[in-house]
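Asks: Got a sequence here, can you build the structure:
(2 chains)
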2 protein chains.
Amino acid sequence: MAQGAFSKGQTPEDLKIDLLKKTHLFEDLSPQELREVAKYIQVRNYMKGEYIFFEEEAEPGIFILVEGLVKLIKETSDGRSIIVRLVFPGEVFGWIEWGKSVPKFKYTAMAALPSTILYISNKYFINLAIKYPAIAIKLTCDATHNLLQTYEVLKSIASGKVEERIAKLLLELAEKAGEKKDGRIIIRLPLTRQDIAEMTGTTVETTIRVMSKWKKQGIINTERGYIEIIDKKALEKLVV
Amino acid sequence: MAQGAFSKGQTPEDLKIDLLKKTHLFEDLSPQELREVAKYIQVRNYMKGEYIFFEEEAEPGIFILVEGLVKLIKETSDGRSIIVRLVFPGEVFGWIEWGKSVPKFKYTAMAALPSTILYISNKYFINLAIKYPAIAIKLTCDATHNLLQTYEVLKSIASGKVEERIAKLLLELAEKAGEKKDGRIIIRLPLTRQDIAEMTGTTVETTIRVMSKWKKQGIINTERGYIEIIDKKALEKLVV
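Replies: The predicted structure is shown next:
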């Protein structure tokens, strides 16, 4: 189904409910509850390269990626970008506020592929979570797991071993977005060397050097628009 | 009040309720609700240097630091430690699991000062959160804010500017644990140069070099057991 389009006889509300059912936050709700929840949810479609929000103007709220790929980006003081996280379909980003709690730090979100997103404002999310506590508990699980994952990235970057970081990233991408084919894993994502550098806290030059070496060694193969992992074990050996 | 001790006429249950009232997760509950919640909560006391849990054996559950200081640590592949977060009184650490959700990545937690902690197991937390959704919502806020803060650390480490990272850390510590006195800020924390290196992803040698330079320039003063910020503006200029 094309994004934003809906099949014959399907109302915009039906489409919204179909999308909600696909998310793990809402999958346990009854059809009647989904119809109720749908009132609070906006469906938003973004083109590849379109910004979802900017760091300075980001508002609290919850975004669920249904289809596509989203980059969460921070700018460093010297004007470089750091991709702090790639968001895959089914995953949640954003943050919520309750009472006096106001986060000091934010990020910019950009659609790296044409993306369909469900958006719930902070106020509506709080209402929903009070009515359906399981939603708040699931979101807490998500948030604490993302935190653990980010500590892992932090450790990886602080360790200073560039090859380990890039190998770890490729293995993660393979797990989240890889297609297995003839013992190889194909990662079809629009990631440039620049993106990989920004996700591993290194330079483009170093990323090109490391990946070219692996290509020569027959560990990976790269073409425009995809990366193929030929020898997964060789990458795993670099990550302890 | 000494840790673990309770005043005359106060039962262990009263002590637990007193500690619960101090936490922002439970502050809104009525006295009767607090008495109910107290049944699910363990009070744990740790000595300075004692491990709360190790990365390999960490179980899901929620830990609320009431008094003291906790380091969350990850080991790198080359045997170094990275302090991914310092936990201050009132803050929460740990993670929860719901249904099939199982986190792959964990950390080690150590008491950096004598510490009093409230512990809720994963199972009891889920029960509590279903009964009192506000608790789950507050924890979600905490977790998403911690995530934003960790992205900030990630950006800082990936930016490669060591002086900026150390300045940022000192300013954060000043905000969370600083005492103002005669226009100076005193940070009374048992942090060694090694700890500061582990929190900024740099070496002890570099940390010593940077902090000695600042000491000579009259920006900071350091003695065993505390760091004093004399010229806050000079540190702020290093952080953009």
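Asks: can you count the residues close to the closest residue to A:Phe88 other than its chain neighbours?
Replies: Sequence neighbours aside, A:Lys176 is the residue nearest to A:Phe88 in space, at 5.0 Å (criterion: Cβ to Cβ, 6 or more residues apart in numbering or on different chains). (C-beta placed from N, C-alpha, C; glycine too.) Summarising burial for A:Lys176: neighbours were counted as other Cβ atoms under 10 Å in any protein chain shown, giving 15.
Asks: Assign a three-state SS to A:Lys176, would you?
Replies: When states are read from DSSP: H, G, I helix; E, B strand; the rest coil, the local structure at A:Lys176 comes out as helix.
Asks: which residues in chain A form strands?
Replies: Assigned by DSSP state E, the strands in chain A fall at A:42-46, A:51-53, A:61-67, A:70-75, A:81-87, A:92-95, A:108-111, A:115-121, A:178-181, A:184-187, A:220-223, A:226-229.
Asks: Tell me which of those sits most buried.
Replies: Scoring the strands of chain A by mean neighbour count under mean count of other Cβ atoms under 10 Å in any protein chain shown gives strand A:92-95 as the most buried, with a mean of 24.
Asks: which residues are contacting that one?
Replies: Around strand A:92-95, the neighbours that count as contacts under Cβ atoms under 8 Å, 6 or more residues apart in numbering or on different chains are A:25, A:60-65, A:70, A:72, A:85, A:87, A:103, A:109, A:139, A:142, B:141, B:144-145, B:147-148.
Asks: now do stretch A:231-240
Replies: Defining contact as Cβ under 8 Å, 6+ apart, one finds that stretch A:231-240 is touched by A:163-164, A:167-168, A:170-171, A:174, A:185, A:214, A:217-220, A:229, B:77.
Asks: Farthest-apart pair in those, please.
Replies: For these, with distances taken as Cβ to Cβ, the pair at the greatest spread is A:Gly218 and B:Ser77 (23.9 Å).
Asks: neighbour count winner among those two?
Replies: When neighbours are counted by other Cβ under 10 Å, A:Gly218 and B:Ser77 differ, and B:Ser77 comes out ahead with 14 against 10.
Asks: where does the most centrally placed residue in chain A land on pLDDT?
Replies: With distances taken as Cα atoms, centre = their mean, the residue of chain A nearest its centroid is A:Val87 (0.2 Å). Per-residue confidence (pLDDT) for A:Val87: 94.
Asks: The closest residue to it other than its chain neighbours and A:Asp195: what is the separation?
Replies: Once flanking residues are discounted, A:Val87 sits nearest to A:Val70: 4.0 Å by Cβ to Cβ, 6+ apart. When distance is defined by Cβ to Cβ, to the nearest Å, A:Val70 is 13 Å away from A:Asp195.
Asks: Kindly report the same for A:Gln42.
Replies: Counting by Cβ to Cβ, the gap from A:Gln42 to A:Asp195 is 28 Å.
Asks: Kindly report the same for A:Leu235.
Replies: On the measure of Cβ to Cβ, A:Leu235 and A:Asp195 end up 18 Å apart.
Asks: Equivalent analysis for A:Ser101, please.
Replies: When Cβ to Cβ is the yardstick, A:Ser101 and A:Asp195 sit 32 Å from each other.
Asks: Can you check what angle separates the biggest helix by length in chain A from strand B:61-67?
Replies: Longest helix in chain A, counting residues (DSSP state H): helix A:133-159. With axes from the mean of the first three to the mean of the last three Cα atoms, to 10 degrees applied, the angle from helix A:133-159 to strand B:61-67 works out at 70 degrees.
Asks: Give me the distance between helix A:133-159 and the centre of its chain.
Replies: On the basis of Cα atoms, centre = their mean, to the nearest Å, helix A:133-159 sits 12 Å off its chain's mean C-alpha point.
Asks: Return the backbone torsion pair for A:Gly79.
Replies: The phi and psi values for A:Gly79, taken as degrees, to the nearest 10, are phi 80, psi 0.
Asks: The longest helix of chain A near chain B anywhere?
Replies: Yes: using Cβ under 8 Å from any Cβ of the partner chain, helix A:133-159 reaches chain B at A:133-134, A:136-155, A:157-159.
Asks: between that helix and strand B:81-87, how many degrees?
Replies: Helix A:133-159 and strand B:81-87 meet at an angle of 140 degrees, taking the same axes, to 10 degrees as the criterion.
Asks: Much appreciated, bye for now.
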